[in-house]
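Colleague: Sequence and predicted structure, then a few things I'm wondering about:
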Amino acid sequence: MTSTTALDNTNALADLLAISPVVPVLTIEDVSHAIPLARALLEGGIGVVEVTLRTEAAMAAMAAMIAEVPDMVVGAGTVLTAAQYRAVADLGARFVVSPGSSPSVLEAAAASRTPFLPGAATPTEVLHLLEAGYRLQKFFPAEPAGGIPMLKSIGAPITDVRFCPTGGITPANAPAYLALANVICVGGSWLTPSDAMRRGDWPHITKLAADASALKR
Ligand SMILES: O=C(O)C(=O)C[C@H](O)[C@H](O)COP(=O)(O)O
């Protein structure tokens, strides 16, 4: 049976999260950065991004990337409400990410064809989401919530869920996260340092992307 809702997120989302070992978390202040940034990441071998709804420019930035950089898979992050879920799905985001989950956001996801990556940080949250059909979850905030030992501990009894840890991931600790059996990819903001973004230093971002896309999992 083909799922037509975001509830069973596993198949469609697993393909998208498998595109790159690192999913850059982008906070875009200036909409004019969107296209050169997406191109710079793509040139470095990164084919999927999460654009956070933390800035006023976020929606326009996503729209620009979707229209002008069709090879980049654009997901929306920091989605905290059902209205935001519907708005980013209508805009054409390929997947939706939240730092957690709430009843109304889960309801919006269940009514949408756009896959959802909900966040969890404890075994109880993981099990609630698993019961709702989510076998792919964001582990957030990864480092403050216990990092690698926590993911190993969760993975011992709960073998059906794979995670995208995000929050405190760095080039130094990413390889150890990616080596875990229950990690599908990692998320992080380190590929887009705000000073490089402000300067429009796209070659630097391409270099960071190339290093990240070469990480093994
Ligand atoms: O905005 C969201 O939806 C989040 O869940 C938070 C982000 O994923 C993290 O803030 C990225 O973490 P850093 O790589 O440590 O900067």
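Modeller: Here it is on my side, so go on.
Colleague: Show me where the chain has its strands.
Modeller: Here the chain has its strands, by DSSP state E, at 22-26, 48-52, 73-77, 96-97, 116-117, 119-120, 136-139, 162-165, 186-188.
Colleague: from those, which stretch is densest packed?
Modeller: The highest mean neighbour count among the strands of the chain, using mean count of other C-beta atoms under 10 Å, belongs to strand 116-117: a mean of 30. In this view, the C-beta of every residue, glycine as well, is placed from N, C-alpha and C.
Colleague: who does that one pair up with?
Modeller: The pairing partners recorded for strand 116-117 under DSSP bridges are strand 96-97 (parallel).
Colleague: roughly how far out does the strand it pairs with sit from the chain middle?
Modeller: Relative to the mean C-alpha coordinate of its chain, strand 96-97 is positioned 7 Å out (C-alpha atoms, centre = their mean, to the nearest Å).
Colleague: and it, what's its mean pLDDT?
Modeller: Average pLDDT, strand 96-97: 98.
Colleague: List of residues touching that strand?
Modeller: Outside of strand 96-97, the residues within contact range by C-beta atoms under 8 Å, 6 or more residues apart in numbering are 6, 50, 75-79, 85, 88-89, 109, 112, 114-117, 119, 138, 187.
Colleague: do stretch 148-159 as well
Modeller: 123, 126-127, 130, 139, 142, 146, 161, 163, 165, 173, 176-177, 180-183.
Colleague: Then stretch 118-136?
Modeller: Stretch 118-136 is contacted by residues 7-10, 13-14, 17, 97-101, 105-106, 109, 116-117, 137-141, 145, 154, 157-158, 160-164, 184 when judged by C-beta under 8 Å, 6+ apart.
Colleague: Which ChimeraX command selects the buried ones in those residues?
Modeller: To isolate the buried subset of the contacts of stretch 118-136 in ChimeraX, counting by 16 or more other C-beta atoms under 10 Å, use the following:
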select :7,8,9,10,13,17,97,98,99,101,105,106,109,116,117,137,138,139,140,141,145,154,161,162,163,164,184
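Colleague: Put the alpha carbons of the worst-scoring helix or strand of the chain on mean pLDDT into PDB.
Modeller: Least confident helix or strand of the chain, by mean pLDDT, DSSP states H and E, is helix 10-17 with a mean of 90. Extracted C-alpha coordinates of helix 10-17, given in PDB (Å, rounded to 0.1, in the frame of the first residue of the first chain):
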ATOM      1  CA  THR A  10      10.000   6.200   6.500                       C
ATOM      2  CA  ASN A  11      10.300   5.500   2.800                       C
ATOM      3  CA  ALA A  12      10.100   8.900   1.100                       C
ATOM      4  CA  LEU A  13      12.100  10.600   3.900                       C
ATOM      5  CA  ALA A  14      14.800   8.000   4.100                       C
ATOM      6  CA  ASP A  15      15.600   8.600   0.500                       C
ATOM      7  CA  LEU A  16      15.900  12.300   1.000                       C
ATOM      8  CA  LEU A  17      18.000  12.000   4.200                       C
END
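Colleague: Between strand 48-52 and that helix, find me the angle.
Modeller: With axes from the mean of the first three to the mean of the last three C-alpha atoms, to 10 degrees as the basis, helix 10-17 and strand 48-52 are set at 100 degrees to each other.
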